[in-house]
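> Give me a model of this one.
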Amino acid sequence: MNNTFSDDLPIMPQDDDMPPLPRAGEVGSQVCAMVQLYLGVMDDLTAEQVEIIQEHVRGCAACARVQRVMQRATRVFGGLPGSAPSSRVDEAVMAAIAARGRGRVQVDASMPRTRRGGGGEDEEWGPLWSPALGRSQVLPSRRGGGGEDEGKGPLGRSGEEEQARQQGTRATRSSPPRIIPTPASTGRGRVRLRWGAVAAVAMAAVVVLSFLTTTHLMPGFGSTPQTLTLPAHLSWNGYVIYHSETRIDAHGVRYRVNTYYDAGSGREHVETVMPGSMDIVAVGDGHSILGMDMMHHVAQLDANEWSTDESMFNLAEIRSDMKTSRAVFMDKDVFRGEAVYRIRCSNGLVLLLNMQYKPVNVLRGAVGPGTGEPVYDALALMPSSHVSSEMWDMRVPRGFKMGVLPGKP
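As a prediction, this is how the structure comes out:
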């Protein structure tokens, strides 16, 4: 899997608005940059806005890769052990508290001392260490330049009133950023963020990039394995693999194919249904296939065209094909939110296995990460004991006559 990322951060907006959400089908580097900016604030979006972002991610391998990295970084950093600030932080906090208790704040000599206020006053700027920001925050204090009493602040306030006003200002300035979604009837409105939130997004991007750099420098950490060896003890015996597929005939009519495949015995039960016009059941034991037209009560032996290819779910065949390179491990990816291994089989389709090496789905047209179309609408593993033995009955039902089944759509 390609884990190469650009070190360039997305261009941040120049006002309080996030860029508009992309429209359906929009593509291009600017759209990806916009989507990747929104990925950093997904928890603060509406459900409709999240779906718009996810719609783009599902069709964009680059943005899907960035989302996976963000999710992986979140899991890694969330699992780190707790830490405590150093003694220097404690000393700085205590010094700031003591300075406030004495009614003064020390000013760094390297900082600009004054600037001219709008009312002809000089404003003196000094640093205040803010635990919320984890750094020094510059706050102004005014010096009377208009004949004010030293015991009063601007506008004739008393020293106590002015101190209370400044403390309120400090509390406001150190408050955490807020994200205010602006609803829109189309669901494609703009999301307003305070600049503190935008800065938080930028910091998150820096963390992700740092994480990527770290993982690239640490051999084997978070990287995609180059080879895949199926565990020797792995077995799907005792399971029936069920999958359902929607197909379209030559006239554009949809029909369904439901398959039950016993991985241990190789038996299969396939039902092909086009409501109102066709219902064909094919039962096989690995050697022959009995086909039954359930609407016209006609049965046919060796009805092989009504069976399905289940070779991708035959573990022995998969192992043999991988050993001889007829089947090739592609990479590790994510399918519908689940981590999967991707194996390209000898028929060109890609088998998806979860982290427990159980089938998840099959893709057609898969090339790079995040590409490919699922073959099955649903796929599940069921214990063999939960499937009736009548599913594998190859006796011709009473009332059926032997004949030829209609052609497959």
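> can you pull out the strands in the stretch 251-400 of the chain?
254-262, 268-274, 278-284, 289-293, 298-301, 328-335, 338-344, 350-354, 359-364, 373-374, 378-383 (DSSP state E, counting those that start in this stretch).
> among those, which is nearest residue 69?
Residue 69 sits nearest to strand 328-335 of all these, at 10.9 Å, using Cβ to Cβ. No exception for glycine: its C-beta is placed from N, CA and C like everyone else's.
> So what are the sheet partners of that closest one and their directions?
Strand pairing for strand 328-335, determined by DSSP bridges: strand 338-344 (antiparallel).
> okay, the partner strand in CSV with CA atoms only?
Output of strand 338-344 as CSV, limited to C-alpha atoms (Å, rounded to 0.1, in the frame of the first residue of the first chain):
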residue,chain,number,x,y,z
GLU,A,338,-13.3,-2.8,8.9
ALA,A,339,-9.6,-3.6,8.4
VAL,A,340,-9.1,-6.2,5.8
TYR,A,341,-6.4,-8.1,3.9
ARG,A,342,-6.9,-8.1,0.1
ILE,A,343,-5.9,-11.1,-2.0
ARG,A,344,-6.2,-11.1,-5.7
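> Outside of that strand itself, list whatever touches it.
For strand 338-344, contacts defined as Cβ atoms under 8 Å, 6 or more residues apart in numbering pick out 228, 318, 322, 327-334, 350-355, 357, 360, 363, 366.
> Buried ones among the residues you listed?
The neighbour-count criterion (16 or more other Cβ atoms under 10 Å) marks 228, 318, 322, 327, 329-334, 350-353, 360, 363, 366 among the contacts of strand 338-344 as buried.
> Format the strands of the stretch 251-400 of the chain as CSV; extra columns: distance to residue 61 and mean pLDDT.
As requested, the strands of the stretch 251-400 of the chain are exported to CSV (distance: least, Cβ to Cβ, whole Å; pLDDT from 0 to 100):
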stretch, distance to residue 61, mean pLDDT
strand 254-262, 29, 97
strand 268-274, 34, 97
strand 278-284, 38, 97
strand 289-293, 40, 97
strand 298-301, 45, 96
strand 328-335, 10, 95
strand 338-344, 13, 96
strand 350-354, 14, 97
strand 359-364, 13, 97
strand 373-374, 14, 96
strand 378-383, 23, 96
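> so which of those strands gets nearest residue 36?
When the strands of the stretch 251-400 of the chain are compared by Cβ to Cβ, strand 328-335 sits nearest residue 36, at 16.2 Å.
> Any chance you could list what contacts that closest one?
So strand 328-335 is contacted by 1, 64, 68, 224-225, 227-228, 322, 339-344, 350, 352, 360-361, 366, 369-370, 374 (Cβ under 8 Å, 6+ apart).
> Among those residues, the buried ones, what's the ChimeraX command?
Buried residues among those (16+ other Cβ under 10 Å), as a ChimeraX selection:
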select :1,64,68,228,322,340,341,342,343,344,350,352,360,361,366,369,370,374
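> how about the helices in this structure?
Ranges of helices within the chain are 29-39, 47-59, 61-78, 87-101, 159-173, 195-217, 315-323, based on DSSP state H.
> pLDDT of the first one, averaged?
It refers to helix 29-39. For helix 29-39, the mean per-residue pLDDT is 82.
> quick thing: my sequence starts at 565, can you match it?
All right, first residue 565 from here; so that's helix 593-603.
> give me the low-pLDDT residue ranges for the protein?
Within the chain, the ranges that satisfy pLDDT under 70 run 565-582, 642-652, 664-789.
> how about a cut-off of 50?
565-580, 669-721, 735-757, 777-787 (pLDDT under 50).
> Show me it divided up by domain.
The chain breaks down into these domains under automatic domain parsing: 565-638+725-787, 792-973.
> Over to the last one now: how far is its first residue from its last?
This stretch, domain 792-973, spans 38 Å end to end (Cα to Cα, to the nearest Å).
> And stretch 857-864, by the same measure?
With Cα to Cα as the measure, stretch 857-864 spans 9 Å from end to end.
> Same check on stretch 800-816?
By Cα to Cα, one end of stretch 800-816 lies 36 Å from the other end.
> residues in contact with residue 884?
Listed by Cβ under 8 Å, 6+ apart, the contact set of residue 884 reads residue 890.
> Who are the contact partners of the closest residue in space to residue 622 that isn't next to it in sequence?
Closest residue in space to residue 622, ignoring its immediate chain neighbours: residue 628 at 7.3 Å, by Cβ to Cβ, 6 or more residues apart in numbering. Contact partners of residue 628, counting by Cβ under 8 Å, 6+ apart, are 621-622, 898, 933-934.
> quick revisit: would you format the domains of the chain as JSON lines with distance to residue 662 included?
Listed next are the domains of the chain as JSON lines, based on distance: least, Cβ to Cβ, whole Å:
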{"stretch": "domain 565-638+725-787", "distance to residue 662": "16"}
{"stretch": "domain 792-973", "distance to residue 662": "52"}
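> between those, which gets nearest to residue 657?
Of all the domains of the chain, domain 565-638+725-787 sits nearest to residue 657, with 13.2 Å by Cβ to Cβ.
> returning to what we had before: quick check: the gap between the residue nearest to residue 622 and residue 862.
48 Å (Cβ to Cβ, to the nearest Å).
> what does residue 959 give?
Distance of residue 959 to residue 862, given as Cβ to Cβ: 15 Å.
> Between these two, which has more neighbouring residues?
A count of neighbours by other Cβ atoms under 10 Å puts residue 862 above the other of residue 959 and residue 862, at 17 against 9.
> For burial, what's the neighbour tally of the closest residue to residue 846 other than its chain neighbours?
Among residues not flanking residue 846 along the chain, residue 870 sits closest, at 3.9 Å (Cβ to Cβ, 6+ apart). Residues near residue 870, counting by other Cβ under 10 Å, number 23.
> Just to check, residue 870 is in contact with residue 970?
No. Look at residue 870 against residue 970 with Cβ atoms under 8 Å: they stay out of range, at 10.0 Å.
> can you list residues touching both of these two?
Shared contacts of residue 870 and residue 970, defined by Cβ under 8 Å, 6+ apart, are found at residue 844.
> re earlier: may I see the strands of the stretch 815-964 of the chain organised as JSON lines, with distance to residue 641 added?
Listed next are the strands of the stretch 815-964 of the chain as JSON lines, based on distance: least, Cβ to Cβ, whole Å:
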{"stretch": "strand 818-826", "distance to residue 641": "42"}
{"stretch": "strand 832-838", "distance to residue 641": "47"}
{"stretch": "strand 842-848", "distance to residue 641": "52"}
{"stretch": "strand 853-857", "distance to residue 641": "55"}
{"stretch": "strand 862-865", "distance to residue 641": "62"}
{"stretch": "strand 892-899", "distance to residue 641": "19"}
{"stretch": "strand 902-908", "distance to residue 641": "18"}
{"stretch": "strand 914-918", "distance to residue 641": "25"}
{"stretch": "strand 923-928", "distance to residue 641": "28"}
{"stretch": "strand 937-938", "distance to residue 641": "32"}
{"stretch": "strand 942-947", "distance to residue 641": "34"}
